[in-house]
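Asker: any chance you can model this:
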Amino acid sequence: MPLPAWRRPVRRGLRALGRALAGVCVIVLAPVLALATLAGLAAASTAPAVLLGAALAAFAAILFLGLLLLLPRPAARLPRWLRALAILGVEAVVVWQVATATLHPLAAAAALPAVAGQRTWTLPSGSRLAYVAAVPEKPRAVPPVVVLHGGPGLADLGGDARFFGALAAEGHPVYVYDQLGAGRSARLPDPRGYGLTRDVEDLEAIRAQLRAERLVLVGHSSGARLAAAYLARHPERVAKLVLSSPSDLAPAPTGAALARLDVARNRDLALALLHPRVLAAYTLARVNPATAHAVVGDRELDTRLAGYSRLLAPSQRCPAAGGTTGRDAALGAYANLADRPTPAWVRQDITGNATPALVIKGACDYQSWSSATGYLRALPQAKLVYLPGAGHDAYRDRPAPYLAAVRAFLADRPLRDYTGDLPPPGYQGPP
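Answerer: Numbers count the residues shown, from 1 in each chain. Below you'll find the model as predicted:
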């Protein structure tokens with residue numbers, strides 16, 4: 001039975017709509033499948049030209065298929081070459097833009113200038129680490145304080161030296177340094193060399209250079225995990241631990257920081273992360289870090305990811321936080337992207353260790369509450385100080401109470417520690 005006349009255009013319209021939706025889906029999948037091609041070939045080839053060329057070819061082919069579905073055949077009264085011309089024109093423009101963005105290096109910042117008092121440690125491992133020392137006017141027979149920044153790879157040598165250098169007034173020599181691959185320290189040609197084991201090895205070499213029997217370690221964020229790993233490997237070399245906004249001993253991916261970005265910053269961050277060259281570098285870093293490094297160099301990727309870090313910074317603070325908002329953050333991109341699994345021996349070997357420890361937790365820290373209490377359960381002599389109005393960088397948001405707590409802890413004075421099992425009222429971070 002023939003269709004009624006009114007249903008024929010409806011059917012044609014639905015068919016065209018279905019083709020268009022299928023075309024849009026294929027076009028959206030084009031960059032995903034191109035990155036999958038890049039990742040698949042990276043396991044077998046290390047030639048950047050081959051990898052990027054194959055990924056761009058895959059993108060162009062899938063995009064062409066999507067355009068064929070999206071743009072309908074012209075009506076009989078129009079020449080078909082118009083459709084071919086439209087498809088080829090859009091294809092050429094899009095592929096040219098993506099290829100240019102992928103192959104052309106991003107703007108890279110100049111080398112970081114030295115900060116006041118900057119020196120360099122050259123360690124037996126080959127690591128060259130930038131550091132600043134604050135020496136007390138009246139030295140005492142106390143262990144030196146060594147500050148371990150977080151990130152991983154997010155260093156602020158000048159800012160941290162100014163802040164933690166105040167502890168020198170208590171008679172402690174204070175050393176702030178940029179870990180390997182971060183800030184003003186050396187980079188590795190193969191990012192697979194970064195990791196917790198190398199950082200622990202470097203920290204022990206620093207202790208040997210300082211000729212110190214024991215150290216006081218102040219670890220912020222992932223620096224707390226490094227402090228715990230050092231304690232696990234060298235328990236006799238640690239006098240005290242300060243663990244500030246500590247990362248979990250068994251870290252899991254979290255979207256807490258991104259979730260607190262406002263709509264405008266979330267959009268800006270998403271647009272920045274979707275840059276084809278950054279996506280290519282990130283994909284290669286997951287599969288073949290050495291090839292990623294050959295495609296996108298340190299300074300280029302450091303500059304780009306440092307910008308993302310600045311976009312994230314407001315989400316890591318309480319809305320009404322005081323203190324300092326600015327920081328001279330220098331992100332070591334490949335040190336940050338390197339695969340850094342936390343070995344099971346870290347938690348196992350520190351559990352029951354009687355080293356005195358101070359855990360500092362801010363009300364708006366994006367690290368979970370359980371990440372802090374995990375250290376309390378492992379370390380029987382650990383105490384927790386809770387700072388209302390402080391975010392992840394608690395020492396910047398509430399510098400006075402933060403420094404007061406650290407000074408009291410180092411001097412064995414009583415602390416106003418928090419002893420509850422559950423987060424206190426007003427806590428805004430993840431459980």
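
Asker: where does pLDDT dip in this structure?
Answerer: Per-residue confidence for the chain (pLDDT under 70) gives these ranges: 1-10, 12-13, 74-78, 251-273, 308-317, 319-329.

Asker: in it, spot the helix with the most residues.
Answerer: With residue count as the measure and DSSP state H as the assignment, the chain has helix 7-42 as its longest helix.

Asker: is residue 356 in contact with residue 380, as I believe?
Answerer: No. With contact taken as C-beta atoms under 8 Å, residue 356 and residue 380 are classed as non-touching, separated by 10.0 Å. (C-beta placed from N, C-alpha, C; glycine too.)

Asker: settle it for me: which of those two has more neighbours?
Answerer: Regarding residue 356 and residue 380, a neighbour count based on other C-beta atoms under 10 Å identifies residue 356 as having more, with 17 against 12.

Asker: distance check, that one against residue 210.
Answerer: Using C-beta to C-beta, to the nearest Å, residue 356 is found at 20 Å from residue 210.

Asker: same check, this time on residue 104
Answerer: Noted for residue 104: a distance of 45 Å to residue 210, by C-beta to C-beta.

Asker: so for the two, which sits in the more crowded spot?
Answerer: Between residue 104 and residue 210, counted using other C-beta under 10 Å, residue 210 has the larger neighbour count: 16 against 10.

Asker: please name the nearest non-neighbouring residue to that one.
Answerer: residue 144 (5.8 Å; C-beta to C-beta, 6 or more residues apart in numbering).

Asker: repeat for residue 223
Answerer: With C-beta to C-beta, 6+ apart, the residue lying closest to residue 223 is residue 148, at 3.3 Å.

Asker: off-centre distance for the longest helix of the chain?
Answerer: Put simply, helix 7-42 sits 33 Å off its chain's centre (C-alpha atoms, centre = their mean, to the nearest Å).

Asker: now swap in stretch 175-192 and tell me
Answerer: Stretch 175-192 has its C-alpha centroid displaced from the chain centroid by 14 Å (C-alpha atoms, centre = their mean).

Asker: in it, what counts as buried?
Answerer: Within stretch 175-192, the residues that qualify as buried by neighbour count (16 or more other C-beta atoms under 10 Å) are 175-188, 191.

Asker: before we move on, what about stretch 369-389?
Answerer: Residues 369, 371-376, 378-379, 382-387, 389 are the ones in stretch 369-389 that count as buried (16+ other C-beta under 10 Å).

Asker: pull the CA atoms of it into PDB?
Answerer: Extracted C-alpha coordinates of stretch 369-389, given in PDB (Å, rounded to 0.1, in the frame of the first residue of the first chain):
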ATOM      1  CA  TRP A 369      39.400  13.600  55.200                       C
ATOM      2  CA  SER A 370      40.300   9.900  55.100                       C
ATOM      3  CA  SER A 371      43.600  10.800  53.500                       C
ATOM      4  CA  ALA A 372      44.600  12.700  56.700                       C
ATOM      5  CA  THR A 373      43.100  10.100  59.100                       C
ATOM      6  CA  GLY A 374      45.000   7.400  57.200                       C
ATOM      7  CA  TYR A 375      48.300   8.800  58.500                       C
ATOM      8  CA  LEU A 376      46.800   9.100  62.000                       C
ATOM      9  CA  ARG A 377      45.900   5.400  62.000                       C
ATOM     10  CA  ALA A 378      49.300   4.400  60.700                       C
ATOM     11  CA  LEU A 379      51.400   6.600  63.000                       C
ATOM     12  CA  PRO A 380      50.500   6.200  66.700                       C
ATOM     13  CA  GLN A 381      52.200   9.500  67.800                       C
ATOM     14  CA  ALA A 382      50.500  11.600  65.100                       C
ATOM     15  CA  LYS A 383      48.200  14.500  66.000                       C
ATOM     16  CA  LEU A 384      45.900  16.500  63.800                       C
ATOM     17  CA  VAL A 385      45.400  20.200  63.800                       C
ATOM     18  CA  TYR A 386      42.300  21.500  61.900                       C
ATOM     19  CA  LEU A 387      42.400  24.900  60.400                       C
ATOM     20  CA  PRO A 388      39.000  26.500  59.600                       C
ATOM     21  CA  GLY A 389      39.000  28.800  56.600                       C
END
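
Asker: thank you, goodbye.
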